[in-house]
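1. Sharing a model prediction with you, sequence too.
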Amino acid sequence: MANHGTTLPTVLVTGSSGFLGQAIARGLIDRYRVIGLDVAKPKHAPAGMETIEIDLTSDEGVSRAVQAARERSGGRIASVVHLAAYYDTTGEDNPRYDAVTVQGTRRLLKALTAVESEQFVFSSTLLVHAPSPEKGAKINEDSPLDPAWAYPRSKAETEALISRERGQIKTVILRLAGVYDEDCRAAFIAQQIARIFERLPTAYLFAGDITAGQPYLHKDDLVDAVVRTVDRRAELPAETVLLIGEEDTPSYEEMQKRIGRLIHGEDWRTLALPKQLTKLGAWVQTEVLDQDTDIKPWMIENSDDHYEIDISRAKTLLGWAPRHNLLDTLPEMIRRLKQDPTDWYAVNKLDPPVVAASDPEIEQAERRLKGPLERSKEDVEAAIERHRSRTLWAPMTNAALGLWLVTSPMTTGLFDPVTAAMPPALGHAVAEPQLRNAGLGVSEIVSGLLVTAFALMGMSRRWRWVQWITASLGVWVMLAPLLFWTTSAAAYAIDTLVGMLIVAFAVMIPPTPGISRRALAADDDIPLGWTYSPSTFTQRIPIVALAFVGLFVSRYLAAFQMGHADGLWDPFFGPGGAPVRNGSEAVVTSWVSKGFPIADAGLGAFAYCLDILAGAIGDRRRWRTMPWMVLLFGLLIVPLGVVSVSFIIIQPPLIGALCTLCILQAAVTVVLIPYSIDEVLATIQYLWGATRAGEPFWRTFWMGGPALSENQTPGADLDRPVFEVLKDFVTGGVSFPWTLAASTLLGALLMTTPLIFGTQPPLYFSDHVVGCLIIMVAVTAMAEVVRPLRFLNVVLGAWIAVSPFVLAGGETPAMVADVAIGLALIVLSLPRGTRSDQHYGGWDRAIV
């Protein structure tokens, strides 16, 4: 083509890097030299097409590009097919409509009048016309113009400009119907299909006349029309306007039924709603709930518009008629959607993650998993053995820690005589201090010997699984000082540290025992439909760090409860009548704390230790390689948060005091929830998908399973710039809409109403309880994947607003404050808030 290209007439195609531009270039390239003009060169240009970069918003840029095209063409330009324009679906005016579409065309025409150009073809839209006056009445090129929104208005303005400024250049205005092909690519049809495919509520609703419709145009028919237009440039009038589209106009109702049958095997029922009601719903969705929607106000306003077109002029002047039909092409569109939903969504500029966990994608995964996996069993075994041989130091270290435990009772004096006061939080009879300590000492000796034996046994390839027994012994070592109510602070500290280290060395150092070979066969670390891995260390480090804060606070409280410390620090709250020094001491020695068989703060510290270990174990694939661990991690965090908040809730009404350190501890546990919940939901989604793909549920649950995604390339984690890592520390799966932040502050304000507004019980108790719940709900809802939880605060806000009228304890200022706070909370809980660009697979649709 390059050898004889200079002997062919030259055609310039603006917007040549786009879908239509490349299709038209391919249609012309056999008989013309095609030069593309676009803001950037295409990644995969048609063979034989060269591209010149052009900026339609710059006089100099347009002039330079046209001159370069003229030089390459060797002189005369046969035709310019002008496709480049600005377009969006908002329906609102945008300065780019004038800058790119209108003024860009003016600049292009001005530059072309300075060179020899035979023809200028402009791609307009049939929407510049007023709709058909009635069903069955066809419009033609002479029918009235009445563009209803910004895009067709810009086209109508450009048509008028071309007529005024064309000079001696012949012009052809092609008023095109919406263009589609077998992949769809028509935005409104793609959205209609997607709504039905996902069974969205909006798929069942329509505003206006459901029997109205618009004609469409197949891509190949468009290319044929353009080629014929260029071929017949000498025969066409100096100014030509042509309607190009299919003569059949399927109604919205007919399209709904066809699509419903093709996708779900059912005639899709569609309810026509009054426009005003639909506008109200769209306004609530966009303005009140702050949600994105593909149904814009201008679409509702023009939903009754019906178009039928007369293409007799195109038949006469071009000899053109469409060879395709939209309804006949729909089956192939839907077949391709069902074959690969994510690819179809990507082609149509929709969100592929939304359907990544859909039935067709799971079926693809099932077929793939029946064949050979990414790595063979032998390759996986070899990798495990390499890891094992390099990390034999870990079980050897555990053997040494076991021996340390055997000797530690002597170093900490657990068998020595001791006299000590009863622990301040003890609420039941226990043995004498010396017997309790001796019991712990015996436990440490026995545990140490067992740890040493099982650690050494686990060094064998055959007995790797016994490292879980070693880990369970480490858990016992952490818990034993609490169960024995030891008087030795040193023994408690040593057992906590050594127990955590035993667990870490047993199962945290790769290779973690018990993971199936199928799970380790792939490196894939991103769940189906997700845009990130919720199990990266970037995601988990903040959780572990916060858990350490909770551990330190709980450990300090436990030291007082067990009699290892003489007092607690509390700068804010008094004892509330208890015979102690402050609120913290009053709470942790209350009848509630004494009702536990062990120190409840110590139990909290133990739970934080498990949080740290469960949060650190496993690699970035653990949402599918260790599902049971992730769910255990979630069960540790979420219930712990609920318990901590519940303990704060009951303090004023049941204990009569507040504890500063307990509030700090509860705050830590509540903050842990939004950062951990995405990983739990990813694991639930994986177990569901893997089971549907034919993987045994319980084997997958305990031993992990294979990758379901086609993308097997793991992303970056800590090996990234520091700023990106720090950003993900804070925003991983979490965003901070100001509405939720304000709701959190309102919850805190409610807890201080006695100080600010003089609230008394029972109204104060209500404010305190509901304030705690509001904070927990708002903070949890900062995790995008559970954002709908914020609606619970609507109910809580309603109660706050009415509570002053049903509960005593508030004067006028307090009543006004509660009503104002309640109403504000309701308003703040309605908007979803700005979403990040992350996606969460099948959970995306829950983010409303």
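-> Cool, got the structure.
2. Might one say that Phe701 is in contact with Pro627?
-> Yes. Phe701 is within contact range of Pro627, at 5.3 Å (criterion: Cβ atoms under 8 Å). C-betas here are computed from N, CA, C, even on glycine.
3. Which of the two has more residues huddled nearby?
-> Set side by side, Phe701 and Pro627 show more neighbours around Pro627, with 25 against 18, by other Cβ atoms under 10 Å.
4. tell me the mean pLDDT for the host helix or strand of Thr669?
-> Using DSSP states H and E, Thr669 sits in helix 660-692. The pLDDT scores in helix 660-692 average 91.
5. Ok, stretch 825-845 next?
-> Rounded mean pLDDT across stretch 825-845 is 86.
6. likewise stretch 102-119?
-> On average, the pLDDT along stretch 102-119 is 90.
7. roughly how far is it from the heart of the chain?
-> Relative to its chain's centre, stretch 102-119 lies at 46 Å (Cα atoms, centre = their mean, to the nearest Å).
8. what comes up buried for it?
-> Going by neighbour count (16 or more other Cβ atoms under 10 Å), the buried part of stretch 102-119 is 102-109, 111-112, 117-119.
9. and what of stretch 411-420?
-> For stretch 411-420, the neighbour count (16+ other Cβ under 10 Å) marks Thr412, Leu414, Val418, Ala420 as buried.
10. List of residues touching that stretch?
-> Applying Cβ atoms under 8 Å, 6 or more residues apart in numbering, the external contacts of stretch 411-420 come out as 408-409, 433-434, 437-438, 440-441, 444, 486-488, 490-491, 494, 563.
11. and if you look at stretch 762-769?
-> Residues contacting stretch 762-769 (Cβ under 8 Å, 6+ apart): 649, 652-653, 750-751, 753-754, 759, 799-800, 803-804, 807-810, 814, 818.
12. again, but for stretch 389-401
-> By Cβ under 8 Å, 6+ apart, stretch 389-401 touches 448, 451-452, 455-456, 458-459, 467, 470, 498, 501-502, 505-506, 509-511.
13. what about it, distance to the chain center?
-> The mean C-alpha position of stretch 389-401 is separated from the chain mean by 40 Å, Cα atoms, centre = their mean.
14. now do stretch 183-199
-> With Cα atoms, centre = their mean, you get 21 Å for stretch 183-199.
15. Just the buried residues of that stretch, please?
-> Neighbour-count burial for stretch 183-199 [16+ other Cβ under 10 Å]: 183-198.
16. Could you pull out the helices in the stretch 101-250 of the chain for me?
-> Using DSSP state H, counting those that start in this stretch, the helices found in the stretch 101-250 of the chain span residues 103-113, 150-165, 187-197, 219-231.
17. Can you redo these as TSV, where the extra columns are distance to Tyr345?
-> Output for those, formatted as TSV (distance: least, Cβ to Cβ, whole Å):
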stretch	distance to Tyr345
helix 103-113	31
helix 150-165	23
helix 187-197	7
helix 219-231	19
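18. Out of those helices, flag the one nearest Asp619.
-> helix 187-197 (34.7 Å; Cβ to Cβ).
19. need the helices for the stretch 251-400 of the chain, in chain order.
-> Under DSSP H, counting those that start in this stretch, the stretch 251-400 of the chain gives helices at 252-264, 275-283, 297-301, 312-318, 326-339, 341-347, 359-369, 377-390, 393-411.
20. JSON lines for these, including distance to Leu672?
-> Putting these into JSON lines (distance: least, Cβ to Cβ, whole Å) gives the following:
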{"stretch": "helix 252-264", "distance to Leu672": "41"}
{"stretch": "helix 275-283", "distance to Leu672": "37"}
{"stretch": "helix 297-301", "distance to Leu672": "42"}
{"stretch": "helix 312-318", "distance to Leu672": "66"}
{"stretch": "helix 326-339", "distance to Leu672": "40"}
{"stretch": "helix 341-347", "distance to Leu672": "33"}
{"stretch": "helix 359-369", "distance to Leu672": "32"}
{"stretch": "helix 377-390", "distance to Leu672": "30"}
{"stretch": "helix 393-411", "distance to Leu672": "27"}
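21. With respect to Ala177, which of the ones you listed lies nearest?
-> Closest to Ala177 of the helices of the stretch 251-400 of the chain is helix 326-339 (Cβ to Cβ; 9.3 Å).
22. Asp566 is in contact with Ala421, correct?
-> No. The criterion here is Cβ under 8 Å, and Ala421 misses it with Asp566 at 10.5 Å.
23. if I look at the two, which residues touch both of them?
-> Common neighbours of Ala421 and Asp566, using Cβ under 8 Å, 6+ apart, do not exist here.
24. I'd like the next helix or strand past the helix holding Thr669.
-> That would be, after helix 660-692 and using DSSP H and E, helix 697-703.
25. on that earlier part again, need the helices of the stretch 251-400 of the chain in TSV with mean pLDDT, can you?
-> What follows is the helices of the stretch 251-400 of the chain, written out as TSV (pLDDT from 0 to 100):
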stretch	mean pLDDT
helix 252-264	93
helix 275-283	61
helix 297-301	59
helix 312-318	96
helix 326-339	95
helix 341-347	91
helix 359-369	86
helix 377-390	88
helix 393-411	94
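26. Count residues in the vicinity of the closest residue to Ile29 other than its chain neighbours, would you?
-> Distance criterion Cβ to Cβ, 6 or more residues apart in numbering; nearest residue to Ile29, sequence neighbours excluded, is Gly48 at 5.0 Å. Residues near Gly48, counting by other Cβ under 10 Å, number 16.
27. Hmm, Trp623 is touching Glu679, no?
-> Yes. Trp623 lies in contact with Glu679 (Cβ under 8 Å); the separation is 5.7 Å.
28. who has more neighbours, the two?
-> More crowded of Trp623 and Glu679, by other Cβ under 10 Å: Trp623, with 29 against 26.
29. Okay, that one and Asp678: tell me how far apart.
-> Using Cβ to Cβ, to the nearest Å, Trp623 is found at 9 Å from Asp678.
30. overlap in contacts of these two?
-> Counting by Cβ under 8 Å, 6+ apart, the common neighbours of Trp623 and Asp678 are Pro534.
31. No more questions from me, cheers.
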